[in-house]
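Novice: Below is the sequence, then the predicted model.
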Amino acid sequence: MAAGRPPLHEDVKTYFAQSSADRVGAMDESETTFTYELRVPAAANAGEGWQEPAHSGEMTTWGGTAHDLGRLVLARWRETAPEKYTGLPAAVEVRSDDGRHAVIDDPTPVHGPTLALECAIEDAQAADLARDVKRQELAEAMRDAREFDALSDRNIEHRVRFVLDPDEARRALGDGKD
């Protein structure tokens, strides 16, 4: 075994009992809901259709990453899948209400830099969603200031100059010059 590398975990359940939040710094402590859908492409193409996943669920107590949840769901599916799905490849898509997203087709646990990369990806996804929400709130506040406080578009553009460039500010105000 290479120095500095954690041992490979043969017992997937034990591995997943220790969430990724424990393995790489604590993630956001907010109440995040994860939803997942497991699909079996061969079964879907063979007539079951793509409308309904083979398995789906929701987790509100998960403290790890979307990637780790996908690996857990896939590992358990492979252990408990109905006979008609035995041996067929499957993939799990995981989404959270804070913007995290992963598609997993391999339940093999990850460690070190790969785990850190997955955490960074999900943090960036959550930050992107938070940024989009804040931009929408800013645009609404700009329109409200124009409508209710009679601020001119130019005045608003000046006030938001450190956040939005003038073209973005005009688009947010809805001047019709998209």
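Specialist: Received, thanks.

Novice: So which bits of the longest helix seen in the chain are buried?
Specialist: The longest helix of the chain (DSSP state H) is helix 112-149. Residues of helix 112-149 classed as buried by neighbour count (16 or more other Cβ atoms under 10 Å): 115, 118-119, 121-122, 125-126, 129, 138-139, 142, 145-146. C-betas here are computed from N, CA, C, even on glycine.

Novice: For it, give the mean pLDDT please.
Specialist: Mean pLDDT, computed over helix 112-149, is 97.

Novice: just checking, what packs against that helix?
Specialist: helix 20-23, helix 66-80, strand 101-104, helix 153-159, helix 166-173 (3 or more Cβ pairs under 8 Å, 6 or more residues apart in numbering; DSSP states H and E).

Novice: Can I get the buried residues of helix 112-149 in JSON lines including distance to Q51?
Specialist: Listed next are the buried residues of helix 112-149 as JSON lines, based on distance: Cβ to Cβ, whole Å:
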{"residue": "L115", "distance to Q51": "34"}
{"residue": "E118", "distance to Q51": "29"}
{"residue": "C119", "distance to Q51": "33"}
{"residue": "I121", "distance to Q51": "29"}
{"residue": "E122", "distance to Q51": "28"}
{"residue": "Q125", "distance to Q51": "26"}
{"residue": "A126", "distance to Q51": "29"}
{"residue": "L129", "distance to Q51": "27"}
{"residue": "L138", "distance to Q51": "38"}
{"residue": "A139", "distance to Q51": "36"}
{"residue": "M142", "distance to Q51": "41"}
{"residue": "A145", "distance to Q51": "45"}
{"residue": "R146", "distance to Q51": "45"}
